[in-house]
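[1] Fold the following and give me the result.
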Amino acid sequence: MPLFTVDHNNVFGKYVEEAGRYNVKIVRADMHHSKQGNDYITVDYEVQDGKYKGGQIRYQNITWSNEDLDGSIKRFNTFAVALGASDGTSFDSVGQFAASILNKLLTIDVDWDEPNTNGKVYLTVKGYHKLLNEPSQPNGVRRPDASSAQQSSNVTPFTKPSQQTAPDPFAGGSGKPVNISDDDLPF
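    Just a heads-up that it's a prediction; the model follows:
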C-alpha cells in the first residue's frame, strides 16, 4: 500500500482571490476571550467547489457581548440558522457553540474589507446562507491595491494637503553675490 498518492487538489497554499458567494466547510472554530471580557469565536472556512476549491477564508471573529445581548443573540442565531440548526436548539456557552459548528457546511457572502492598520486588505464575511445547490460564485472583484486606494486621495486626516508654491523670485539668477549698500536698506 502506498504512503500517499499525489493529488493536485490536496495542497497547502490555496487561497481565494475574488469576492463572491462560496459554499464552504468550517475547518476551524476556536473560542477566545477578548481584553474587554467578551467571548468570541475565530472561524476559518474552506471552499468546497469551483475554481477556488480548497482555498481558505480565514480569521472571521464572531463576538458575544453581554452589553449588547439582543445583538449577540441575533448574530449567533443568524449563523446557527444558516448552518441548519432547528428551532428550539439551545446552546449553553459560546464554547459549546464553537464545538458544534466544526465541519458544518454553509454558503457565505464575502467581500474585500477596508485596509487594516498595516495596509493589508482581506476577505471578510458579509452574510450567511444555508448551503446552496448551485456552485460557488466568485464575482470577479479581486483584492484592491491598498496603496493605490490610499494614494487616490493625498489628503487624509493625518496628512497635510500639498500646497501650491509661488515661483522663487531668486531662481535663475547668476549665483554671484549681490552687494547692497546701507543706503538701500529701509532701516
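
[2] For residue 87, see how far away the residue most central in space within the chain is.
    Central residue of the chain (CA atoms, centre = their mean): residue 122, 3.3 Å from the mean position. For residue 122, the distance to residue 87 equals 34 Å [CB to CB, to the nearest Å]. Any C-beta I mention is one placed from the backbone N, CA and C, and that applies to glycine too.

[3] what do you get for residue 181?
    98 Å.

[4] Model confidence score at residue 174, please.
    Here, the pLDDT recorded for residue 174 equals 64.

[5] Low-confidence bits of the protein, can you list those?
    Applying pLDDT under 70 to the chain picks out residues 9, 13, 146-176, 178, 185-187.

[6] Assign a three-state SS to residue 98, would you?
    On the three-state scheme (DSSP: H, G, I helix; E, B strand; the rest coil), residue 98 is labelled helix.

[7] Please apply the same query to residue 144.
    Following three-state DSSP, the label given to residue 144 is coil.

[8] Quick check, it in contact with residue 121.
    Yes: the criterion here is CB atoms under 8 Å, and residue 144 meets it with residue 121 at 5.8 Å.

[9] quick one, longest strand in this protein?
    Across the chain, the longest stretch assigned as strand under DSSP state E is strand 18-33.

[10] Return the set of buried residues in it.
    Residues of strand 18-33 classed as buried: 18, 19, 20, 21, 22, 23, 24, 26, 28, 29, 31 (neighbour count, 16 or more other CB atoms under 10 Å).

[11] Isn't the fourth one up against residue 131?
    No: counting by CB under 8 Å, residue 21 sits too far from residue 131 to count as a contact (11.3 Å).

[12] what's the following helix or strand after the longest strand of the chain?
    strand 39-47 (DSSP states H and E).

[13] immediately after that next one, which helix or strand?
    Taking DSSP H and E, what comes next after strand 39-47 is strand 56-64.

[14] what about residue 80, which helix or strand?
    Assigned by DSSP H and E, residue 80 belongs to helix 69-82.

[15] Looking at the buried residues of strand 18-33, which is nearest residue 59?
    Set against residue 59, the nearest of the buried residues of strand 18-33 by CB to CB is residue 28 (9.2 Å).

[16] bridging residues for that closest one?
    Under the criterion DSSP bridges, residue 28 forms beta bridges with residue 44.

[17] give the contact list for the closest residue to residue 71 other than its chain neighbours.
    Nearest non-adjacent residue to residue 71, counting by CB to CB, 6 or more residues apart in numbering: residue 65, 7.0 Å away. Residue 65 makes contact with 36, 38, 71, 72 under the criterion CB atoms under 8 Å, 6 or more residues apart in numbering.

[18] Grab the nearest non-local neighbour of the first one.
    Right, residue 36. residue 65 (7.9 Å).

[19] name the element residue 87 belongs to?
    Counting by DSSP H and E, residue 87 is part of no helix or strand.

[20] How many neighbouring residues does it have?
    Residue 87: 5 surrounding residues under other CB atoms under 10 Å.
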